[in-house]
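> All I have is the shape, not the residue letters:
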């Protein structure tokens, strides 16, 4: 089996694992990692050989862009202080603690290399957090903090990592220079992200076609990352800025098909790239085991010490930080999302799984120094990094559902239902207001006006039936039943029409392009009901 065949095995595995994970009640990233570990033990499966300089720009941009699609700029601004307190500061604390321990227990590692190790294992993975924690029904406020933590932590940790790697390969370090590099990296990244987001938004209006616009969104994260890195900025922060800008300003309410197709497309990209990334985590164990050959005791001791630091520091930081965040939240009485109990804080602690970002940073460690000598203790750093990743991802990922159930942490379904009802009322009022505007400019028969008025309220009632009273709810239910009957029969009629058009493809003299055009018309008609 060669590298290309292995890639396609991972891609197929990424698709197949999702339904199996749902049936088994396991998070798909964890199951994909276990599958990679099994592949790593098969003799004819080759070692993964991806150039270190390609890992970050190929893996991180699409995953970060897909993660941002599930959030909004308002969530980031509202939760900025909790995220900075509970998350970003924790990266610095974890990096320092891991560097101190690694410098003492990992043989041959320099101080700069130990800091690089601390930086690459410090950030919890937003993809793992969303996939694993989201599957157990956590409250939305916890999911917002975990996703924001993962995204902002990636930015902080990767910048720290680059500073440490530069110091390690050059053999020199300047604190003022490092601080200046951090600030410059952030400024350049935000500027690139905003500029590219603005340009992409303008270009989308020119392209028009949904297929071309979706194709542009696939390219934008890579361009944003690479351009920022070329200008010595943070590629991760640039992708984050671009994605937030486009999510906020490039949304067309009337672009129904484009929005549905774009959502489906990015779900596919997210599934495939996530599956390959977590599969690579398991496959890398083949190389990691080779590193520890003959000195298992020494390497396991070093790995266990760093794992204890990573897990312990997170708990010791989150407990007082969460308490302080709750105190500040109650005093200011603003719309922030923070853990509201020690149980939620414990769940947030156990959700700190390392994943794709840590793997990408570990594999991106240079092979040599500036003078051509081997990078100090690179194999040992890789072993310890993968020990942390496997321990947190597999052990915590598999036990998180049990912990959530044991602590009784559940999503606030009442609040979600109330918010859905609020949106339903707003949607219905907007539809009715627009109907009144049209009524003033056009002549509408009374019977048609009455029908359209009912449909205006039906817009909201279909979203949240609780928005109407009992008497009207019964009449609405009857109308919905009639509509569903019409839709069912109409769907069968359209299905017969589609089958007839498809059968024309195999007839002599049939033009496939015309057949596809007619079929697309029928598909769009079916989609719109």
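Everything's here; your move. A quick note: this is a predicted structure, and the numbers were derived from the prediction, not measured. Residues are numbered from 1 along each chain as shown.
> now the strands for this protein?
For the chain, no strands are identified by DSSP state E.
> so where's the longest helix in it?
helix 296-332 (DSSP state H).
> quick check: mean pLDDT across that helix?
What helix 296-332 shows for mean pLDDT is 82.
> if we look at stretch 311-320, which residues are touching it?
By C-beta atoms under 8 Å, 6 or more residues apart in numbering, the residues outside stretch 311-320 that reach it are 86, 89-90, 93-94, 97-98, 342, 345, 348-349, 352, 391-392. C-betas here are computed from N, CA, C, even on glycine.
> that older thread, how far does the longest helix of the chain sit from the chain's center?
Mean C-alpha position of helix 296-332 versus that of the full chain (C-alpha atoms, centre = their mean, to the nearest Å) differs by 23 Å.
> So which bits of that helix are buried?
Within helix 296-332, the residues scored as buried using 16 or more other C-beta atoms under 10 Å are 299, 302-303, 305-307, 309-311, 313-314, 317-318, 321-322, 325-326, 329.
> Now do the same contact list for the closest residue to residue 381 other than its chain neighbours.
Closest residue to residue 381 apart from its sequence neighbours, by C-beta to C-beta, 6 or more residues apart in numbering: residue 117 at 5.0 Å. When contacts are counted by C-beta under 8 Å, 6+ apart, residue 117 touches 98-99, 102, 106, 109, 306, 381, 384-385.
> What of residue 433?
Residue 433 sits next to no residue when contact means C-beta under 8 Å, 6+ apart.
> likewise residue 192?
For residue 192, the contact set (C-beta under 8 Å, 6+ apart) comprises 224, 227-228, 231, 233, 238, 241-242.
> If any of those are buried, put those into a ChimeraX selection.
Command for ChimeraX that selects the buried part of those, burial taken from 16+ other C-beta under 10 Å:
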select :224,227,228,233,238,241,242
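> just to revisit the earlier point, right, and the pair among the contacts of residue 117 with maximum separation?
Greatest spatial distance among the contacts of residue 117 (C-beta to C-beta): 99 and 385, at 13.1 Å.
> one step back: where's the residue nearest to residue 381 relative to residue 98, distance?
Going from residue 117 to residue 98 by C-beta to C-beta, to the nearest Å gives 6 Å.
> what do you get for residue 67?
Between residue 67 and residue 98 the computed distance is 24 Å (C-beta to C-beta).
> Looking at the two, which one has more neighbours?
With neighbours defined as other C-beta atoms under 10 Å, residue 67 and residue 98 compare such that residue 98 has more, 27 against 24.
> which stretches of the stretch 301-450 of the chain have low pLDDT?
325, 328-340, 411-416 (pLDDT under 70).
> ok, back up a step: give me the subset of the contacts of residue 117 that lies in helices.
Counting by DSSP H, these place 98-99, 102, 306, 381, 384-385 in helices.
> pretty sure residue 38 contacts residue 285?
No - in this structure residue 38 lies outside contact range of residue 285 using C-beta atoms under 8 Å: 10.0 Å.
> quick one: which of those two has more around it?
Between residue 38 and residue 285, residue 285 has the larger neighbour count (other C-beta under 10 Å), namely 21 against 12.
> Excluding sequence neighbours, find me the nearest residue to the more buried one.
residue 40 (4.7 Å).
> same question, residue 307
Residue 307 sits nearest to residue 391 (C-beta to C-beta, 6+ apart), 4.9 Å away.
> residues near the one you found, how many?
Neighbour number of residue 391 under other C-beta under 10 Å is 19.
> What of residue 418?
13.
> And for residue 48?
21.
> What residues does the nearest residue to it once chain neighbours are set aside make contact with?
Excluding its sequence neighbours, the residue lying closest to residue 48 (C-beta to C-beta, 6+ apart) is residue 283, at 5.0 Å. Contact partners of residue 283, counting by C-beta under 8 Å, 6+ apart, are 6, 10, 36-37, 39-40, 45, 47-48.
> of those, buried ones?
Neighbour counting over those (16+ other C-beta under 10 Å) leaves 6, 10, 36-37, 39-40, 45, 48 as the buried ones.
> in the stretch 1-150 of the chain, which spans are helices?
Along the stretch 1-150 of the chain, counting by DSSP state H, counting those that start in this stretch, helices occupy 3-24, 28-40, 52-68, 73-78, 80-83, 89-105, 111-121, 126-128, 134, 140-170.
> Identify whichever of those lies nearest to residue 264.
Residue 264 lies closest, by C-beta to C-beta, to one member of those: helix 52-68, at 12.2 Å.
> ok and the closest one relative to helix 140-170, angle-wise?
Angle of helix 52-68 versus helix 140-170, following axes from the mean of the first three to the mean of the last three C-alpha atoms, to 10 degrees, is 160 degrees.
> chain center to helix 52-68: distance?
Computed by C-alpha atoms, centre = their mean, the separation of helix 52-68 from the middle of its chain amounts to 11 Å.
> Under the pLDDT cut-off, which ranges of the stretch 51-200 of the chain? List them.
Applying pLDDT under 70 to the stretch 51-200 of the chain picks out residues 51-53, 70-79, 86-87, 126-137, 141, 150-151, 173-175.
> what's in contact with stretch 205-219?
Residues outside stretch 205-219 that contact it (C-beta under 8 Å, 6+ apart): 62, 65, 200, 203-204, 246, 255, 257-258, 261-262, 265-266, 269.
> Can I have the buried ones of those residues as a ChimeraX selection?
Typed into ChimeraX, the line below selects the buried ones among these, using 16+ other C-beta under 10 Å:
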select :62,65,200,204,246,258,262,265,266,269
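> okay, the contacts of stretch 205-219 in JSON lines with distance to residue 521 next?
Below are the contacts of stretch 205-219 laid out as JSON lines (distance: C-beta to C-beta, whole Å):
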{"residue": "62", "distance to residue 521": "32"}
{"residue": "65", "distance to residue 521": "32"}
{"residue": "200", "distance to residue 521": "30"}
{"residue": "203", "distance to residue 521": "28"}
{"residue": "204", "distance to residue 521": "24"}
{"residue": "246", "distance to residue 521": "30"}
{"residue": "255", "distance to residue 521": "18"}
{"residue": "257", "distance to residue 521": "13"}
{"residue": "258", "distance to residue 521": "17"}
{"residue": "261", "distance to residue 521": "16"}
{"residue": "262", "distance to residue 521": "21"}
{"residue": "265", "distance to residue 521": "22"}
{"residue": "266", "distance to residue 521": "26"}
{"residue": "269", "distance to residue 521": "28"}
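> All set, thanks.
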